[in-house]
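[1] need a 3D model of the sequence below.
(2 chains)
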Amino acid sequence: ETGVTQSPTHLIKTRGQQVTLRCSSQSGHNTVSWYQQALGQGPQFIFQYYREEENGRGNFPPRFSGLQFPNYSSELNVNALELDDSALYLCASSSMGVTDTQYFGPGTRLTVL
Amino acid sequence: GENVEQHPSTLSVQEGDSAVIKCTYSDSASNYFPWYKQELGKGPQLIIDIRSNVGEKKDQRIAVTLNKTAKHFSLHITETQPEDSAVYFCAANRDDKIIFGKGTRLHILP
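    I've put the predicted structure just below:
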C-alpha cells in the first residue's frame, strides 16, 4: 500500500508569483483535503476534493484553488503569493470525507520572499 | 463556527509518568474527534479517534475520553516513553471540515 506523497518538499517563491503543489493520494482513497500549517500552529483546512469535485472549503480566498484528477491525485494552486502564505502545506487522503481516517503526506514547505 | 481550544501548549513529564492533554469544542453538532501526533519534518499521524456515540476509547497506552455535555475531550498517555515526544493535535469536525487545535508540545524527560 503506497502512502500519501507530496511534491516538491521545499519551494521558494517571491511575492506575486504563482505556485502549484502536488499530492498523490493513498491507494484506494478518493478524497483529498489540503491544509495550511503556519509555524507553531495547527493545520488549517483549505478545501477538500471528492471524486474530482470541490466538497467543502475553509476561510481561504479564491486565489487558493485546486484540482483533483481521475486517479484522485490533486493539485493546490496559489496565485498572487503573499508573505503570509509561507507555511507547510499538507494534503491528506481518506476513503470518504473528513470523518474517515485521514492519512497525511509529509508536506511541502513554501517560503515566500 | 467551530472553535477548538487545546491546553496546555507545552507539557513536560518524566519518562514513565502519564500525560494528559485537554481540548474543548464549540459546535454541538461535532461528532468526530481525532488526535494526531506530529514529529519534526513529518505530517500529522492519526493516533486515536472517538465518535460522539462513545464516551471512552483505549488503544494500549493511549486513551481518549469525551464529555459531550461539557464539550470537552482529553488524550491520556500512560507509561510515557522517549518516542512519545512530539506535538499532539486534537481536532473536531464541522460540516465537511476538520478544525485543529493549536497543538501541545510534549517533552518526555529522562
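
[2] given the helix-or-strand element of chain A with minimal mean pLDDT, what are its sheet partners and their directions?
    Counting by mean pLDDT, DSSP states H and E, chain A has its least confident helix or strand at strand A:53-57, which shows a mean of 89. Applying DSSP bridges, strand A:53-57 is found paired with strand A:44-50 (antiparallel).

[3] ok, residues contacting the strand it pairs with?
    A:30-38, A:54-58, A:60, A:64, A:66-68, A:74, A:76, A:96-98, B:96-100 (CB atoms under 8 Å, 6 or more residues apart in numbering or on different chains). For every residue, glycine as well, the C-beta is placed using N, CA and C.

[4] tell me the residues of chain A that contact chain B?
    A:4, A:33, A:35, A:40-45, A:48, A:55-56, A:58, A:90, A:92, A:97-99, A:101-107 (CB under 8 Å from any CB of the partner chain).

[5] restricted to buried residues, select those in ChimeraX.
    Buried subset of those, written as a ChimeraX selection, criterion 16 or more other CB atoms under 10 Å in any protein chain shown:
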select /A:4,33,35,42,43,44,45,48,55,56,58,90,92,97,98,99,102,103,104,105,106,107
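
[6] tell me the contacts of the residue nearest the centre of chain A?
    The centroid of chain A falls nearest to A:Trp34 when counting by CA atoms, centre = their mean (3.2 Å). For A:Trp34, the contacting residues are A:Cys23, A:Phe45, A:Ile46, A:Phe47, A:Gln48, A:Gly66, A:Ser74, A:Leu76, A:Tyr89, A:Leu90, A:Cys91, by CB under 8 Å, 6+ apart.

[7] just the C-alpha atoms of the least confident helix or strand of chain A, please, in CSV.
    Extracted C-alpha coordinates of strand A:53-57, given in CSV (Å, rounded to 0.1, in the frame of the first residue of the first chain):
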residue,chain,number,x,y,z
GLU,A,53,-15.3,18.0,-7.2
GLU,A,54,-14.6,20.6,-4.5
ASN,A,55,-16.6,19.4,-1.5
GLY,A,56,-16.0,21.9,1.4
ARG,A,57,-13.9,24.9,1.7
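
[8] residues of the following helix or strand past it that come out buried?
    Remark: after strand A:53-57, the chain's next helix or strand is strand A:64-68, criterion DSSP states H and E. Neighbour-count burial for strand A:64-68, with 16+ other CB under 10 Å as criterion, is recorded at A:Phe64, A:Ser65, A:Gly66, A:Gln68.
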